[in-house]
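K.L.:
I'd like to go over a predicted model; first the sequence, then the structure.
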Amino acid sequence: MRIAIFLLLVLGGFLLAGVSLPGYSMRTRVREATERLRQRAPRKRETAKDYVARIDGVQKESFMNRSRREAQEVFEQTGQRDRFPKMLKVALLTGAGGALLGLLFRNPLLSIVLAVGCYYIPLWLTQFNLYRYNRFINEELETALSLVTTSYTRSNDVLAAVEDNLGHINEPVRGVFAAFCNNVKYVDANAAAQIERMKGALDNKLFSQWCDSLILCQEDHTLRAALAPIVAKFSDQKAQQQENETKMMLPLQRAMMMVGLTVGFIPMLRLANAGWYANLVSTFLGQLAMVATAVISLMTINKAIRLSKPIEYDV
């Protein structure tokens, strides 16, 4: 027995020192054995989402990187790119608040979980900023396109129709039409080309349809009748959004209600039974339960926010 232990110690010393055994290296054996186990291990089945991402050349990214990227894209789409660094500062403050809350319970692991989760909550909530911005753009476009369409139907002059109504159009839609007028008057008098350029200024399907119809009207003025039905689609889209807005917010409302009840149970437990509260915040199993509750609550909030994103209707 002593000889076997001695041989194992000697062999371990050789391996730690990087000394290869004569003829065949132990490291090679371990490497080959690991390779055989890896080949025999069952491969993870590729989902349809993973297959589409691989075909499109989309690289997988971590949950944290995706959250930051989506928040940054929201600020870029809404023309508020300079506010993204401020949002990161707010996220740092909320993360620090979560860490302090965990330390108040003398739970270092809970402090880490709350610091990370509270940091990303403001980034998740930026998705609603995009929804409010798109709704505001739709309302402004409905007003602007209705005015311009009415004037253009009467005068057959798209430049005059836009100039006559610039005073009644609000930003950021006003800037798009003002740029169109300046380009037609001072850069290129080709109205069709400038309308095509104007179409890319706003990421809106109905606005793109209206611009396409307006381009066709430059060649055939009898097609003016097609502009009004496109403008009317804004009202249909708004009615559909309002009808389903309450249903879309139900996941977030219910999730926040459940999280509030779960978190509110902790101070209630302290008032109801001090011994149970002490077990919850002082024992290892109690602290582990609080950590698990925090993780599940944060995951629930994130999933509810994603489910509450508005539906884009194609009318």
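P.N.:
Here it is on my side, so go on.

K.L.:
nearest spatial neighbour of residue 217, skipping sequence neighbours?
P.N.:
Once flanking residues are discounted, residue 217 sits nearest to residue 223: 4.9 Å by CB to CB, 6 or more residues apart in numbering. C-betas here are computed from N, CA, C, even on glycine.

K.L.:
CA-only coordinates of the helix or strand hosting residue 69 in CSV, if you can.
P.N.:
Residue 69 is part of helix 63-77 when elements are defined by DSSP states H and E. Listed in CSV are the C-alpha atoms of helix 63-77, where the atom choice follows Å, rounded to 0.1, in the frame of the first residue of the first chain:
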residue,chain,number,x,y,z
PHE,A,63,-27.8,38.3,-22.2
MET,A,64,-26.0,41.3,-20.7
ASN,A,65,-24.5,42.5,-24.0
ARG,A,66,-27.9,42.1,-25.7
SER,A,67,-29.6,44.2,-23.1
ARG,A,68,-27.1,47.1,-23.5
ARG,A,69,-27.3,46.8,-27.3
GLU,A,70,-31.0,46.9,-27.4
ALA,A,71,-31.1,49.9,-25.1
GLN,A,72,-28.6,51.8,-27.2
GLU,A,73,-30.5,51.0,-30.4
VAL,A,74,-33.6,52.5,-28.8
PHE,A,75,-31.9,55.8,-28.1
GLU,A,76,-30.4,55.9,-31.6
GLN,A,77,-33.8,55.2,-33.2
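
K.L.:
where does residue 78 fall, phi/psi-wise?
P.N.:
With angles defined as degrees, to the nearest 10, residue 78 sits at phi -90, psi 0.

K.L.:
Could you check how far the residue lying closest to it once chain neighbours are set aside is from residue 125?
P.N.:
Nearest residue to residue 78 in three dimensions, chain neighbours excluded: residue 133, at 4.5 Å (CB to CB, 6+ apart). Relative to residue 125, residue 133 is positioned 14 Å away (CB to CB, to the nearest Å).

K.L.:
again with residue 86
P.N.:
Distance of residue 86 to residue 125, given as CB to CB: 14 Å.

K.L.:
Neighbour count for these two, which is higher?
P.N.:
Ranked by neighbour count (other CB atoms under 10 Å), residue 86 and residue 125 place residue 125 first, with 15 against 11.
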